[in-house]
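Novice: Sharing a model that was predicted from the sequence below.
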Amino acid sequence: MSNIEEQLQLLDEKIAQTKENLRNLHFQRNSLLPICRLPNEILGLILTFCASDVRRHRTHCSQMSWLWPTHVCQHWRTIALGCPAMWDTPDFSKPSLAREMLVRSKSAPLHIRAATRGYRMGQQEVLSDALRDIARVAAIEIDTSLPLILNVLLGVVQPAPVLEKLRIHKERVTASVVLPDNFLAGNAPRLREMSLRNCVLHWGRMSKTLSGLRSLCLYGDDGAISNVFPDGDPIVLNTVTLSKLEHVRVVGSVNGCISLLNCIASPSATSIEFTNIVSQPGDCNKALTVLPHLISITQSYTESCSIYAMEGQFGIEMFDQDLLHRGKSRFRFDLVKRSADSVPASQFYDLSKRLLELLSSLRVTGIHLVLGDEFSVEDVTRYFGSLKELATISVEDHCAYAFIQAFYSSTFTHPSDDVPFSSLNTIVLERMDFGRSLDAGTGSAGGKDGGPKLLPFLE
C-alpha cells in the first residue's frame, strides 16, 4: 500500500513540475509578443484608457468588464495596480469596490460620479470619505433624489483647488437642496463647468469662483428656478462678470431667467439658451420685461434665425452661419406653457406676437419659420414682410401656405416703393403637398374646390 502511495506522490510531483515548466514556456512565449515588450508606462496608459472608455460606455451587462485586464496575467495586474489614474473614478454603486478604488487611486485627481436611484448599504459613508479629500477632487457629478446622498454635500466646506466640473442634479422635487453658505469655502479657482438642478447655491459667496466658468446650466423643476440660482432678490445682487463663459443654459420660470439676466455679464460670443416655463397669466407680462435684454443680446449675433410658434410654445434661435448651412446655435429663447390651461391661448398668442416685433430691430437676412394656424396671412406680412434685408426664407407646413399667400398678395397690393419681402431672393418650402388647393382668403390649404392648386399657383 505504501508503495502505491509513493508512486502517486511521485506522479503528483512530476505533474506539478510539468505544470510549472508549462507556465514558464507560456511566459517565455508571451514575452516575445510585441505587447509584452511595451514599456510599463505605455502599457499602463493603454490599460487606463481602456478602463475609462469602458466605464464611459458600459452597459448593464458589462459594468465590471473594465476590470478584466487586471486578471489577464500577473504582469498586467501589477501594472494596473500601479496606475492610480485607472482607479480615479470610484464606482459608488458598489461601496466596497469604491473604497478599494479610493485606496488604489493614491493621490490622483478624483472624479466623483454618483447616479443613484436606490440606496445601498455603505454608499453614503464611502461618498463622504471621497469628498472629505476635496483638495484632490477634479469633478463632482451627482444625480439622485436620495436625501442621504445629497446631505453628504453639506459637509463640503473646504477649498477645491483642482475642481473643474460641478454637477448636482436633484430629481423628483419636493424641496430644493440648499448648499451651505461656505460651500467649497467659496474657493474653486479651476471650476469651468457647473450644472445645477433644484439646488440652491449662495451667489455672493461664490462670485469669485464663478468668474472662470465656461459652461453654466441651471434647471428648476416646477417653476422653482428662482430658488435654484441666484439666491436672493435680483435687484440687490451684484452683477458677476463671467469673462470666459462660452455657454449658458437656463430652464425654469420667467422670474428665474430675468434674475439671471440681471446678475451676469458675459462675452458677446457666449452661446445662450433660455427656456421659460409660463405657469400663470401674469408670467406673460413678466416675459415681456426680458425683451430689452433680448434686444441687447441678439444684436451681437449673426443674421440667420429660426422661429417656432405653435401649440403653447414660442422659440427663436440665432445661428452663427447662414440659414441654409446652420451652424452652432448662438442664442435660443423659448417660452413653454406648463399646461394647456395655465395661460389662455389668446394671451399666449399675443405674447408671441410681441416677441416677433423684436425682429424689426435686428438685421435679419435669413429665417426658418414654423407657425401655427393662429397666425394669419396678415401676421406673416406684418412681422416678416417688413424686414428690409430678408433674403432667404424657409417655411414649413401651414406656415408655408400662409407665406405663399402673403407673398403673392403683397406683390400686387402694395406700392412699388413699399413692397413687403422686397429683398427676398430664395424661398425654401418644406413638408408641403403641392397638389393641394390654396384658400384664397386665408392662405391655408383648402379643400377640393377651396382655391387654385398650389403648384400652378406658384408658377
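Specialist: Looks like it came in fine. Numbers count the residues shown, from 1 in each chain.
Novice: May I ask which helix or strand of the chain has the lowest mean pLDDT?
Specialist: Counting by mean pLDDT, DSSP states H and E, the chain has its least confident helix or strand at strand 445-446, which shows a mean of 40.
Novice: Around Met206, count how many other residues there are.
Specialist: When neighbours are defined as other C-beta atoms under 10 Å, Met206 has 24 of them. Every C-beta, even on glycine, is put in place using the N, C-alpha and C of the backbone.
Novice: Quick check: it touching Phe183?
Specialist: Yes: look at Met206 against Phe183 with C-beta atoms under 8 Å: they come within range, at 7.2 Å.
Novice: How about Val248: which residues does it bridge to?
Specialist: Beta bridges link Val248 to Leu216, Ile272 when assigned by DSSP bridges.
Novice: likewise Glu430?
Specialist: What pairs with Glu430, by the bridge criterion (DSSP bridges), is Glu396.
Novice: Could I get the contacting residues of it?
Specialist: Ser394, Val395, Glu396, Asp397, Ala400 (C-beta atoms under 8 Å, 6 or more residues apart in numbering).
Novice: ok, it to His368 distance?
Specialist: Shown here: Glu430 relative to His368, a distance of 9 Å by C-beta to C-beta, to the nearest Å.
Novice: Please enumerate the shared neighbours of those two.
Specialist: With C-beta under 8 Å, 6+ apart, Glu430 and His368 have common neighbours Ser394, Val395.
Novice: neighbouring strands for the helix or strand where His169 lies, and are they parallel or not?
Specialist: Using DSSP states H and E, the secondary-structure element containing His169 is strand 165-170. Strand pairing for strand 165-170, determined by DSSP bridges: strand 137-144 (parallel), strand 193-197 (parallel).
Novice: Can you lay out those strands as TSV showing mean pLDDT, mean neighbour count and distance to Ala406?
Specialist: Conversion of the strands paired with strand 165-170 to TSV gives the following (pLDDT from 0 to 100; neighbours: other C-beta atoms under 10 Å; distance: least, C-beta to C-beta, whole Å):
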stretch	mean pLDDT	mean neighbour count	distance to Ala406
strand 137-144	91	20	48
strand 193-197	91	21	42
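Novice: Ok, which of these comes nearest Leu210?
Specialist: With C-beta to C-beta as the criterion, Leu210 lies closest to strand 193-197 of the strands paired with strand 165-170, at 7.3 Å.
Novice: Keeping just the C-alphas, turn the closest one into CSV.
Specialist: The C-alpha trace of strand 193-197 is given here as CSV (Å, rounded to 0.1, in the frame of the first residue of the first chain):
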residue,chain,number,x,y,z
GLU,A,193,-18.4,73.7,-15.8
MET,A,194,-21.4,74.0,-13.4
SER,A,195,-24.8,72.4,-13.8
LEU,A,196,-27.4,72.6,-11.0
ARG,A,197,-31.0,71.2,-10.8
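Novice: Buried residues of the longest helix along the chain, list them for me.
Specialist: The single longest helix within the chain, with elements called by DSSP state H, is helix 2-31. Going by neighbour count (16 or more other C-beta atoms under 10 Å), nothing in helix 2-31 comes out as buried.
Novice: For the stretch 101-250 of the chain, just list every one of the helices.
Specialist: With DSSP state H, counting those that start in this stretch as the criterion, the stretch 101-250 of the chain has helices at 123-132, 147-150, 207-210.
Novice: ugh, wrong one, I meant the stretch 351-459 of the chain
Specialist: 377-384, 397-413, 454-458.
Novice: The second one versus helix 377-384: what angle between them?
Specialist: The reference is to helix 397-413. Calculated by axes from the mean of the first three to the mean of the last three C-alpha atoms, to 10 degrees, helix 397-413 forms an angle of 80 degrees with helix 377-384.
Novice: helices and strands around helix 397-413, which ones?
Specialist: Contact analysis of helix 397-413 by 3 or more C-beta pairs under 8 Å, 6 or more residues apart in numbering; DSSP states H and E lists strand 366-371, helix 377-384, strand 426-430, strand 437-438, helix 454-458 as its packing neighbours.
Novice: Please produce TSV containing the ones you listed, extended by mean pLDDT and distance to Tyr408.
Specialist: Output for the helices and strands packed on helix 397-413, formatted as TSV (pLDDT from 0 to 100; distance: least, C-beta to C-beta, whole Å):
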stretch	mean pLDDT	distance to Tyr408
strand 366-371	86	16
helix 377-384	84	10
strand 426-430	84	11
strand 437-438	58	9
helix 454-458	54	7
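Novice: and those, which is most packed in?
Specialist: Mean neighbours per residue, mean count of other C-beta atoms under 10 Å, is largest over the helices and strands packed on helix 397-413 for strand 366-371, with a mean of 23.
Novice: Thr89 belongs to a helix?
Specialist: No: under DSSP: H, G, I helix; E, B strand; the rest coil, Thr89 sits outside any helix and is assigned coil.
Novice: Name all residues that make contact with it.
Specialist: Ser52, Arg55, Met101, Leu110, His111, Arg113.
Novice: who wins for neighbours among these?
Specialist: Leu110 leads the contacts of Thr89 on contacts (other C-beta under 10 Å) with 26 neighbours.
Novice: how deep is Ile258 tucked in, by neighbour count?
Specialist: Neighbour number of Ile258 under other C-beta under 10 Å is 20.
Novice: any idea how far it is from Ser2?
Specialist: Distance from Ile258 to Ser2, by C-beta to C-beta: 96 Å.
Novice: Leu356 too?
Specialist: Taking C-beta to C-beta, one finds Leu356 at 104 Å from Ser2.
Novice: same thing with Thr426?
Specialist: 103 Å.
Novice: With Leu196 instead?
Specialist: For Leu196 relative to Ser2 (C-beta to C-beta), the value is 79 Å.
Novice: one step back: quick one: closest of the strands paired with strand 165-170 to Lys94.
Specialist: Short answer: strand 137-144, nearest of the strands paired with strand 165-170 by C-beta to C-beta, at 15.9 Å.
Novice: Leu369 contacts Thr392, correct?
Specialist: No: shown here, Leu369 and Thr392 do not form a contact pair, counting by C-beta under 8 Å, at 11.3 Å.
Novice: And for the spatially closest residue to Arg338 that is not a sequence neighbour, the neighbour number?
Specialist: Excluding the flanking residues, the one nearest Arg338 by C-beta to C-beta, 6 or more residues apart in numbering is Ser279, at 4.6 Å. Ser279 has 16 neighbouring residues, counting by other C-beta under 10 Å.
Novice: now swap in the one 10 residues further on and tell me
Specialist: Under the neighbour criterion other C-beta under 10 Å, Thr289 is assigned a count of 11.
Novice: need the contact list for it.
Specialist: Ile258.
Novice: confidence score at it?
Specialist: On pLDDT, Thr289 comes in at 71.
Novice: Dump the strands paired with strand 165-170 into JSON lines; add distance to Ile42 as well.
Specialist: Output for the strands paired with strand 165-170, formatted as JSON lines (distance: least, C-beta to C-beta, whole Å):
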{"stretch": "strand 137-144", "distance to Ile42": "24"}
{"stretch": "strand 193-197", "distance to Ile42": "31"}
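Novice: Indicate which one of these is closest to Ser31.
Specialist: It's strand 137-144; of the strands paired with strand 165-170, that one is closest to Ser31 (C-beta to C-beta) at 36.8 Å.
Novice: List of residues touching that closest one?
Specialist: 109-117, 130-131, 149-150, 153, 160, 162-171.
Novice: Done for today, thanks.
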